[in-house]
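Model the following, please.
(one chain, ligands or ions: 1)
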Amino acid sequence: MPVGLLRTPNKDYRWKVPCCRSLPEEIEILLMVRLIAAADHGDTEACGAGSRLRQNGQKGRDRRKPRCSAKPQPFAEKGMVYIKRFRRSILLAGKLKIIHAPTRGINTNKQLLLRGACMQLKPFLLDAWLDQYEHDIEFNLAASTGPTWTVNDILALADEETRHRFLNHNLVYSRPAGADSLREAIAQMQRVPVEAVQIVTGASEALVALMWLAAEPGANVILPLPGFTTFSALPESLGLETRFYRVRRENGFRIDPDEIKRLADSKTKLILVNSPHNPTGTTIGDGEMEALHNFTAERGIQLVSDEVYHPIYHGRQTKSAARLPHATVIADLSKAFSIAGVRTGWMIEHDARRRQQYWTARAYFSISNTTTGEILSEIAIRKRDVVLGRTQEASTRNLQLLERFMADHGDVLGWIRPQGGMTAFPWLVSGENDRPFCQAATGRGILLAPGDCFDTPSHFRLGFAAAGDKFPRALDRFGAFLKSWSAKMVPA
Ligand SMILES: Cc1ncc(COP(=O)(O)O)c(C=O)c1O
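Numbering: from 1, shown residues only. Reported below is the predicted structural model:
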C-alpha cells in the first residue's frame, strides 16, 4: 500500500492511500501534495485556500470549512501546507493533477519531504485485447511484428563457434550495460561508439527509465497521439503532465514539428517522436528530425527517438537519430527484427551523465538481460541483412496486396498508405466506433486491433507483415467479412 510521508521540521505526518477507487468519497491529502508542488515551483495556477495543516507540531488540522479563492493566489510561504477537500470522482475522472512522487524539486532544503500517494497505471487495452485473442486466432492482422523465427532458425545463421558458445554458456547474470559483444554489434550497426550503447529489456524498459528520470514536479512531456499506449501511461502514472501532438488523417498522418515546438515550454523535460510510427506508419524526414534536434538541444529538452520499426520503409528511407549528438534513441529486436521473444532493446545515448542514470535505473529494474537472449540477439544483429531482409520482403509484398485490397473496398474502408513499419491505421468510412467491427471480425477468425487502444476509436490497426505467407488468405477472409458487415449496415 503506498504510504505518503510529510516531514516538517517538527513532525512527520503519514498517511496511507490504498488506491483511488477505494479512497473515501471526500479526499484531502492529494491536493495538498499538488499545492506544495505548485508552491515550490512558483506555479500560482493551482493555488487555492483551504484548511491548513499546522506546522507547529500539533496534530490535526484547522477544522474551518475549506474555501476556494476565486482568484488563484501565489503561495506566500514556501513549504506551507494546504489541504482542500475534493471528491473522489474528480480524481477518477482525471481532472486533478496529482504529483505522485515529488522529488528534489520539492525539497531542496531537505526540510519537507513528500513521497507518492498512489501510482496507478491505466489499463493496457491493446495488450489485453491481443492477449485475449492472438493465441488462438486463425489470421492475426493485429500484430505489429513481422514473420516469426525459431531458436533453430537463428542458430542456423551462426558459425560453429558461436553455436558452441550459445549451447555452453553459463546461465548467470549478464552485465547491466549489456554483454560486451552484443553492445559492440549494435555499436557497429548504429555507427556509434560502444560506450553509447545501453542494453535494456525491450524498448519498454527504456521507456520506463526515461519517464522515471523525467518525473519532476510540474514537468511535462510531449508525445504523439495516437501512439503506443506506454508513451502516455508511464508519465501519467508518475504525475507528469502529458501534452500531445496529433497525427491526424486530415493531415495525411504527417507529424508537424511546429506543432511539437508550440507545445514545449520551460517545464518540458522530454519530447518523444516515433518514426516509423505505430500505428499509422508515418515517418519523419531527416531534415525535420534535425530541426527538432536543434530546437530541443537549445532548450535543454531531451529528444527521444523511438525507432523500433526502423529500418523498414515503404517510401523515403530515413536515417537513425543516433547520428544526432543530443538525441536519445530507443530501439529493439521485437519489431523490425521480429524476434520479440529475446526481449532485447537498447538505448543510444551520447551524454555520459544520462548513461550513468540509465545504468543505475536498469540495475534496479531488471539487473540485466538474459544471457541466452543476448547471444541470440548478437547473432541476429550480425546477420541483419538476412533477418531484416525477411521482414522488409514480407512487408513490401503484403503491403502491395493491401493496397489493392483497400482500393477494392474503398466504399467501406478509408486508409493512408504507411511509409514505414508494419502497420496501417485504416478507418470505417461510416465513421463508426471500430471496436464492434473488430469484435465481429474475431468471430470470422480475423484479428484487428481496435483504435481505442490508441485513443482513436474511429480507426483500427492492421498489421500486414506478421501473417507472412498467410496474408493473401487472410485478406480473402477479411474481404468476405467486410461484405457481410456492410450488408448488415444497409437498412432493410
Ligand atoms: C513504438 C513502440 N515502442 C516500443 C515498444 C516496446 O516494444 P518492446 O518492449 O518489445 O521492445 C513497442 C511495442 O509495441 C512499440 O510499438
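
Find me the pLDDT at whatever residue of the stretch 151-300 of the chain ends up closest to the ligand, would you?
Nearest residue of the stretch 151-300 of the chain to the ligand: residue 202, at 2.5 Å (CB to the nearest ligand atom). From N, CA and C alone the C-beta is placed, and that goes for glycine too. Looking at residue 202, its pLDDT reads 98.

One more: the one 3 residues further on?
Residue 205 is assigned 98 on the pLDDT scale.

For residue 362, see how far away it is.
Residue 205 is 6 Å from residue 362, where distance means CB to CB, to the nearest Å.

any idea how far residue 416 is from the spatially most central residue of the chain?
What sits nearest the mean C-alpha location of the chain, by CA atoms, centre = their mean, is residue 231, with 2.3 Å. According to CB to CB, residue 231 stands 21 Å off from residue 416.

what distance separates stretch 132-139 from the middle of the whole chain?
24 Å (CA atoms, centre = their mean, to the nearest Å).

Find the nearest non-adjacent residue to the residue of the stretch 151-300 of the chain closest to the ligand, please.
Once flanking residues are discounted, residue 202 sits nearest to residue 345: 4.4 Å by CB to CB, 6 or more residues apart in numbering.

Near that neighbour, how many other residues are there?
Neighbour count for residue 345, taken as other CB atoms under 10 Å: 24.

Can you name the residues bridging to it?
Beta bridges link residue 345 to residue 200, residue 332, judged by DSSP bridges.

all numbers from here: first residue = 672
Understood, numbering begins at 672; the last thing we discussed is residue 1016.

pLDDT wise, what is it at?
Reading off the model, residue 1016 has pLDDT 98.

thinking the residue of the stretch 822-971 of the chain closest to the ligand is in contact with residue 1014, fair?
Yes. Under the criterion of CB atoms under 8 Å, residue 873 makes contact with residue 1014 at 5.1 Å.

Touching both of those two, which residues are there?
Residues within reach of residue 873 and of residue 1014 at once, by CB atoms under 8 Å, 6 or more residues apart in numbering, are residue 1005.

roughly how far apart are the closest residue to the ligand within the stretch 722-871 of the chain and residue 948?
Minimum separation of the stretch 722-871 of the chain from the ligand (CB to the nearest ligand atom) falls at residue 815, amounting to 5.6 Å. Distance from residue 815 to residue 948, counting by CB to CB: 11 Å.

Give me the common contacts of these two.
By CB under 8 Å, 6+ apart, residue 815 and residue 948 have these common neighbours: 980, 1092.

Which element, helix or strand, includes residue 929?
Using DSSP states H and E, residue 929 sits within helix 928-934.

Now that helix: buried residues?
928, 930, 931, 932, 934 (16 or more other CB atoms under 10 Å).

Kindly report the same for stretch 969-986.
972-985.

try stretch 873-884
Neighbour-count burial for stretch 873-884, counted by 16+ other CB under 10 Å, picks out 873, 874, 875, 876, 877, 878, 879, 880, 881, 882, 883, 884.

can you list these in CSV and add distance to residue 1149?
Formatted as CSV, the buried residues of stretch 873-884 follow (distance: CB to CB, whole Å):
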residue, distance to residue 1149
873, 30
874, 29
875, 30
876, 35
877, 34
878, 32
879, 35
880, 39
881, 37
882, 36
883, 40
884, 43
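
and which of those residues is nearest to residue 1073?
When the buried residues of stretch 873-884 are ranked by distance to residue 1073 (CB to CB), residue 874 comes first, at 25.4 Å.

helix or strand for the closest one, which one?
With elements taken from DSSP H and E, the one containing residue 874 is helix 873-885.

Spell out which parts of this protein neighbour the ligand.
815, 873-875, 899, 945, 949, 977, 979, 1003, 1005, 1011, 1016 (CB under 6 Å from any ligand atom).

run the last query once more with 5 Å
873, 874, 875, 899, 945, 949, 977, 979, 1003, 1005, 1016 (CB under 5 Å from any ligand atom).

For those residues, give me CSV that also has distance to residue 989.
What follows is these, written out as CSV (distance: CB to CB, whole Å):
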residue, distance to residue 989
873, 23
874, 18
875, 23
899, 18
945, 12
949, 15
977, 13
979, 14
1003, 18
1005, 20
1016, 20
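
Is it correct that residue 1144 is in contact with residue 810?
Yes. Counting by CB under 8 Å, residue 1144 touches residue 810, with 7.2 Å between them.

Between these two, which has more neighbouring residues?
A side-by-side neighbour count of residue 1144 and residue 810, using other CB under 10 Å, places residue 810 first with 21 against 12.

residues contacting that one?
By CB under 8 Å, 6+ apart, the contact list for residue 810 reads 1116, 1117, 1118, 1138, 1141, 1144, 1145, 1148, 1149.

ChimeraX command to pick out the buried ones of those residues?
Per 16+ other CB under 10 Å, the buried members of the contacts of residue 810 correspond to this ChimeraX selection:
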select :1117,1118,1138,1141,1145,1148,1149
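
Now the residue nearest to residue 927 when sequence neighbours are not counted: which helix or strand?
Leaving aside its sequence neighbours, residue 927 sits nearest to residue 916 (CB to CB, 6+ apart; 6.8 Å). Under the criterion of DSSP H and E, residue 916 resides in strand 912-917.

Quick one: list the elements packing against that strand.
Here strand 912-917 is seen to pack against strand 891-896, helix 901-908, helix 928-934 when contacts are counted using 3 or more CB pairs under 8 Å, 6 or more residues apart in numbering; DSSP states H and E.

Take stretch 1059-1071, keep the C-alpha atoms, and write them as CSV.
Coordinates of the C-alpha atoms in stretch 1059-1071 are reproduced here as CSV (Å, rounded to 0.1, in the frame of the first residue of the first chain):
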residue,chain,number,x,y,z
LEU,A,1059,15.8,-7.5,-41.6
GLY,A,1060,15.6,-8.6,-45.2
ARG,A,1061,12.9,-11.1,-44.3
THR,A,1062,10.8,-8.5,-42.6
GLN,A,1063,11.2,-6.0,-45.4
GLU,A,1064,10.4,-8.6,-48.0
ALA,A,1065,7.2,-9.8,-46.3
SER,A,1066,6.0,-6.3,-45.5
THR,A,1067,6.7,-4.9,-49.0
ARG,A,1068,4.9,-7.9,-50.6
ASN,A,1069,2.0,-7.8,-48.3
LEU,A,1070,1.6,-4.0,-48.5
GLN,A,1071,1.2,-4.3,-52.2
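
Quick check: buried residues in it?
1059, 1061, 1062, 1063, 1065, 1066, 1068, 1069, 1070.

what does it rub up against?
With CB under 8 Å, 6+ apart as the test, stretch 1059-1071 has contacts from 817-818, 982-983, 985, 1007-1009, 1088-1089, 1092-1093, 1135-1136, 1138-1139, 1142.

For the buried ones among those, write the corresponding PyMOL selection.
Restricted to buried positions by 16+ other CB under 10 Å, the PyMOL selection for these reads:
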select buried, resi 817+818+982+983+985+1007+1008+1009+1089+1092+1093+1135+1136+1138+1139+1142
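
can you tell me how far the residue nearest to residue 927 sits from residue 1112?
Distance of residue 916 to residue 1112, computed by CB to CB: 30 Å.

picking that back up, could you list every helix and strand in contact with the helix holding residue 874?
Using 3+ CB pairs under 8 Å, 6+ apart, the elements in contact with helix 873-885 are helix 901-908, strand 939-945, strand 973-977, strand 998-1003, strand 1015-1020, helix 1023-1036.

now the strand holding residue 916 and strand 891-896, what's the angle there?
In terms of direction (axes from the mean of the first three to the mean of the last three CA atoms, to 10 degrees), strand 912-917 departs from strand 891-896 by 30 degrees.

distance between strand 912-917 and the chain's centre?
Distance of strand 912-917 from its chain centroid, counting by CA atoms, centre = their mean, is 12 Å.
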